[in-house]
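Asks: Give the three-dimensional model of this entry:
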Amino acid sequence: MEAILKRCSWCGTDPLYIRYHDEEWGKPVYDDKILFEFLILEGAQAGLSWITILRRRESYRQAFAGFDAERVAGFGEQDVERLMQDTGIIRNRLKITGAITNARRYLEVQQEFGSFSKYILGFLPGGRPVQNTVKSSADVPARTNLSDNISKDMKKRGFKFFGTTICYAFLQATGMVNDHLEDCISR
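Replies: Numbering: from 1, shown residues only. Okay, the predicted model is just below:
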């Protein structure tokens, strides 16, 4: 008899979502380039489902210079117009200009803290990822005091599209908070 693999219910049966759940979500990320990728993707996701952005991830990678923060920070009005014509991404001018602004703020944070990872870890208790005890999907919050504090600081620094709910999703995606269910195979 084959054992049934249990996963967090949010990933459903979509193979892309399952692969993302099993291989990425909730696994700690300390690499600044990957953190920047998630900063851009989570900002794009605002008001949309994550699977919508996940399906466009490769298009975002191409559109945003392989998630090279320095190159994105240098984008100008011509780049914004180019991105507004790119059918592979969400063509929302505020989100596009927000991503460019966030690249600039991201580089400032790197300069100040030595890395974006150090900046984020500085908010976490003991500077280590939070391991939550999650028995059901209903136990997973949309925001916490931690995401409130990070979001508030980032807003003060000029980041866009990074409210507390998006911040919490970013923390989950990058494994700074582990909200996998207790009986999930990825725990």
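Asks: alpha carbons only for contacts and neighbour counts from here, please
Replies: OK.
Asks: for the nearest residue to Ala44 once chain neighbours are set aside, helix, strand, or coil?
Replies: Of all residues not flanking Ala44 in the chain, Lys95 sits nearest, at 6.0 Å (Cα to Cα, 6 or more residues apart in numbering). Following DSSP: H, G, I helix; E, B strand; the rest coil, we place Lys95 in the helix state.
Asks: pLDDT score for Lys95?
Replies: Here the pLDDT value assigned to Lys95 is 98.
Asks: Burial check on it, number of neighbours?
Replies: Per other Cα atoms under 10 Å, the neighbour tally for Lys95 reads 18.
Asks: Do I have it right that it meets Gly43?
Replies: Yes. With contact defined as Cα atoms under 8 Å, Lys95 reaches Gly43; the gap is 6.9 Å.
Asks: Common neighbours of the two, please.
Replies: Phe161 (Cα atoms under 8 Å, 6 or more residues apart in numbering).
Asks: now the residue nearest to Ala44: how far from Glu182?
Replies: 35 Å (Cα to Cα, to the nearest Å).
Asks: same deal with Ser137?
Replies: For Ser137, the distance to Glu182 - Cα to Cα - is 10 Å.
Asks: how about the strands of this structure, start to end?
Replies: 130-131, 177-178 (DSSP state E).
Asks: any idea of the pLDDT on Ala44?
Replies: Ala44 is assigned a predicted lDDT (pLDDT) of 97.
Asks: Likewise for Ile4?
Replies: According to the prediction, Ile4 has pLDDT 71.
Asks: Tell me how many other residues crowd it.
Replies: Ile4, neighbours per other Cα under 10 Å, totals 7.
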